[in-house]
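S.K.: no FASTA, just this:
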């Protein structure tokens, strides 16, 4: 109805664009149903130190199984000495037909938030062959890589079943608790995983530094042009565009 | 490249104008290849109604967007490998190892979304001001054909990165063709080049994307502009400017397109480029809407994604397809949802063009069909269950009821008197 009223009062068609823009938040982005709410993580890709530290953590905890085949020619990969020879190779039929995937694009195909929560929500589950289950990715095939660092987490309510609570979006620390601490404190472990997530986010799109520094120049150039043309039109426009007045 | 062409054109322009010697050369060329008089004819001798507003910039922007796609596409083809084994990794090669490959790829992937945004605004402008009405029926039909070709181009291009969603979306859409009676199944096998969607299909789609549809689009744009320049631009008041001309035959309410509108639109084209490059440099995936998360996973014929969805610009049609329980009827409805627009010039029985002089019923009809389209676009990206499915059926019903009711509405609507000349402010 707003659309119609605006139409009638003074033919201001540009109001329609504003209405369309107001509608645009409708196009929100669905996140897959999970048992728990994903933790937010503030990814700062300008923090080179964190990315490098994450790369070291990745080599320590992940690279025995996961490859980063698209990444090996990158500057950061070279400084971390990640070469294609060091990348693990799995035949298709290994791990019961589920070989560990390549993680070059994992932060784009999932999300940094998903990774950050997923890696910290393993809990003891005797029914699983690996002895551990996961809240974000129930019945995951990946064994818990952080038993030594994080320690053991257990369910607060022993009758909890992920399949029953799918789509609940509970807070994960209300569902599981740390029973035995590992070699890292809880905060240090969060940082450890956070570094890995920083690293994987960088790996999924290493153009980010070049993009941001180049973007400033391109947008600045265009912005300057916009200002110049706008100023020019303000100065001479009234005379020049006189034939357009009606 | 574009800069190079532009600067060469600029130097030529200066040389041909400033030096009398070269001016002679210009005349010599023009007598044999009338390129300069063609430009004069179609820019500075083209009468544009003087009340054209900002909605009319989208046509020019569509040409800019098209040029961006062609230039960036040529560079992508240089490094892309259209085989099932190499396609996904060759895109990563472009993104990581080719100097500025990421820029070219992001420009191409952002470009398609921006092109569709521009085109949808362009179409809405045509609907709002009645630009499809006589004498512009064929111009309108060529535009609908262009939309169809753009969708085919975008769809074949979407398959090329060979990610999960590329693979499964192509499978879903190709399987729709099997519902065509008699020839359906043979057509599917012929298109796929195989009994399943495979690397052969990818290679075919590459050919369609790079040569087939792109050249048809160029041809159709040319026809679109030829038709526009034959019948002339409509305007926000829908006044026929050709009725009142001066002694030289120039319409009284028109100004030359160049310099007036070319200059007026330059800052807006710059603003468009600013927004475009802001997305390219700072949000190239645009929160999963321009580049979907699922498509960063390589195609795997053994694992079906939980939720198959199309790119956002095709999602309204996909929502129509899903809202109808029968697959063949759904495919038919999807086809009709675009083809029916071609008949709009004859479904509209109103004597006036622009919504400015139409009654409330026509305005409601337009607002309803646009809202239904936007709603369908949103629903096409969600899972079709429960309320969403019901809502998409309501929206589909509203969308198609437009075509049934529009003749009645425009016949009975109380329109205002359109002035003879373009009215003053």
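M.R.: Yep, it's here. What you see is a predicted model, and the numbers here were worked out from it, not measured in a lab. Numbers count the residues shown, from 1 in each chain, chains lettered A, B, ... in the order given.
S.K.: domain boundaries for the chain, per the record?
M.R.: In the absence of a named chain, this looks at chain A. A:1-30, A:48-206, A:215-246 (automatic domain parsing).
S.K.: chain B, not that one
M.R.: B:34-308, B:321-425.
S.K.: related to what we said a few turns ago, ranking the domains of chain A by burial, who's on top?
M.R.: domain A:48-206 (a mean of 17; mean count of other Cβ atoms under 10 Å in any protein chain shown). Heads up, the C-betas are built off the backbone N, CA and C, glycines and all.
S.K.: and the pLDDT for residue B:64?
M.R.: We have a pLDDT of 96 for residue B:64.
S.K.: looks to me like it is in a strand.
M.R.: No. With DSSP: H, G, I helix; E, B strand; the rest coil as the criterion, residue B:64 is located in helix rather than a strand.
S.K.: now do the longest helix anywhere in chain A: distance to the chain's middle.
M.R.: Longest helix of chain A, by residue count under DSSP state H: helix A:208-240. Between the centre of helix A:208-240 and the centre of its chain there are 32 Å (Cα atoms, centre = their mean, to the nearest Å).
S.K.: related to what we said a few turns ago, which one of the domains of chain A lies closest to chain B?
M.R.: Comparing the domains of chain A by their distance to chain B (Cβ to the nearest Cβ), the top pick is domain A:215-246, with 3.0 Å.
S.K.: and the pLDDT for whatever residue of the stretch 201-350 of chain B ends up closest to chain A?
M.R.: Going by Cβ to the nearest Cβ, chain A is nearest to residue B:281 of the stretch 201-350 of chain B, at 3.0 Å. As predicted, residue B:281 sits at a pLDDT of 97.
S.K.: tell me the residues of the stretch 151-300 of chain B that contact chain A?
M.R.: B:236, B:253, B:255, B:260, B:263-264, B:266-267, B:270-271, B:273-274, B:277-278, B:280-282, B:284-285, B:287-289, B:291, B:293-297 (Cβ under 8 Å from any Cβ of the partner chain).
S.K.: just the buried residues out of those residues, in PyMOL syntax.
M.R.: Here is the PyMOL command that selects the buried residues among those (16 or more other Cβ atoms under 10 Å in any protein chain shown):
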select buried, chain B and resi 236+253+255+260+263+264+266+267+270+271+273+274+277+278+280+281+284+285+288+289+291+293+294+295+296+297
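S.K.: so which of the residues of the stretch 151-300 of chain B next to chain A sit within helices?
M.R.: B:263-264, B:266-267, B:270-271, B:273-274, B:277-278, B:280-282.
S.K.: OK, contacts around residue 168?
M.R.: Answering for chain A, as no chain was given. A:35-36 (Cβ atoms under 8 Å, 6 or more residues apart in numbering or on different chains).
S.K.: my bad, the chain I had in mind was chain B
M.R.: B:304-305, B:308.
S.K.: quick one: the strands in the chain?
M.R.: Using chain A. A:122-124, A:132-134, A:151-155, A:176-181 (DSSP state E).
S.K.: that's the wrong chain, I wanted chain B
M.R.: B:47-49, B:254-256.
S.K.: can you redo the ones you listed as CSV with mean pLDDT and distance to residue B:155?
M.R.: Shown next, in CSV, are the strands of chain B (pLDDT from 0 to 100; distance: least, Cβ to Cβ, whole Å):
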stretch, mean pLDDT, distance to residue B:155
strand B:47-49, 94, 35
strand B:254-256, 93, 40
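S.K.: quick one: low-confidence ranges for the chain?
M.R.: In the absence of a named chain, chain A is used. Applying pLDDT under 70 to chain A flags the ranges A:1-34, A:246.
S.K.: chain B is the one I meant
M.R.: B:1-2, B:15-20, B:425.
S.K.: type out the PyMOL command that picks the buried ones from the contacts of residue B:168.
M.R.: Buried subset of the contacts of residue B:168, written as a PyMOL selection, criterion 16+ other Cβ under 10 Å:
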select buried, chain B and resi 308
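S.K.: ok, of the contacts of residue B:168, which one's closest to residue B:63?
M.R.: In terms of Cβ to Cβ, no member of these lies closer to residue B:63 than residue B:308, at 33.5 Å.
S.K.: distance check, the closest residue to that closest one other than its chain neighbours against chain A.
M.R.: Closest residue in space to residue B:308, ignoring its immediate chain neighbours: residue B:168 at 4.9 Å, by Cβ to Cβ, 6 or more residues apart in numbering or on different chains. Distance, residue B:168 to chain A, using Cβ to the nearest Cβ, to the nearest Å: 14 Å.
S.K.: quick one: the helices in chain A?
M.R.: Going by DSSP H, chain A shows helices at A:2-8, A:14-23, A:48-61, A:75-79, A:106-109, A:112-118, A:147-150, A:172-175, A:186-204, A:208-240.
S.K.: want to throw those helices into a markdown table with distance to chain B?
M.R.: Formatted as a markdown table, the helices of chain A follow (distance: least, Cβ to the nearest Cβ, whole Å):
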| stretch | distance to chain B |
| --- | --- |
| helix A:2-8 | 4 |
| helix A:14-23 | 6 |
| helix A:48-61 | 15 |
| helix A:75-79 | 10 |
| helix A:106-109 | 4 |
| helix A:112-118 | 9 |
| helix A:147-150 | 27 |
| helix A:172-175 | 21 |
| helix A:186-204 | 7 |
| helix A:208-240 | 3 |
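S.K.: which one is the residue nearest the centre of chain B nearest to, not counting chain neighbours?
M.R.: Residue closest to the mean C-alpha point of chain B, counted by Cα atoms, centre = their mean, is residue B:119 at 4.0 Å. Computed as Cβ to Cβ, 6+ apart, the closest residue to residue B:119 that is not its neighbour in sequence is residue B:62, at 5.9 Å.
S.K.: who are the contact partners of the one you found?
M.R.: So residue B:62 contacts B:115, B:118-119, B:122 (Cβ under 8 Å, 6+ apart).
S.K.: and which of those residues is nearest to residue B:159?
M.R.: Using Cβ to Cβ, the contacts of residue B:62 come closest to residue B:159 at residue B:115, 17.7 Å.
S.K.: how close does the nearest residue to that closest one once chain neighbours are set aside get to chain A?
M.R.: Spatial nearest neighbour of residue B:115, chain neighbours left out: residue B:65 (3.9 Å); criterion: Cβ to Cβ, 6+ apart. Taking Cβ to the nearest Cβ as the criterion, residue B:65 is separated from chain A by 16 Å.
S.K.: what is the burial count for residue 47?
M.R.: Using chain A here. Neighbour count for residue A:47, taken as other Cβ atoms under 10 Å in any protein chain shown: 14.
S.K.: hm, I was asking about chain B
M.R.: So residue B:47, with other Cβ under 10 Å, has 19 neighbours.
S.K.: repeat for the one 10 residues further on
M.R.: As a burial measure, residue B:57 scores 24 neighbours (other Cβ under 10 Å).
S.K.: which residue comes closest to residue A:79 once chain neighbours are left out?
M.R.: Nearest to residue A:79 is residue A:52, by Cβ to Cβ, 6+ apart, at 7.1 Å.
S.K.: sorry, wrong one. I was asking about residue A:223.
M.R.: Residue A:223's closest residue in space is residue B:274 (Cβ to Cβ, 6+ apart), at 6.4 Å.
S.K.: got a list of what that neighbour touches?
M.R.: So residue B:274 contacts A:219, A:222-223, A:226 (Cβ under 8 Å, 6+ apart).
S.K.: residues in contact with residue B:118?
M.R.: B:58, B:61-62, B:65, B:272 are the contacts of residue B:118 under Cβ under 8 Å, 6+ apart.
S.K.: how about a cut-off of 6 Å?
M.R.: B:58, B:61-62, B:65 (Cβ atoms under 6 Å, 6 or more residues apart in numbering or on different chains).
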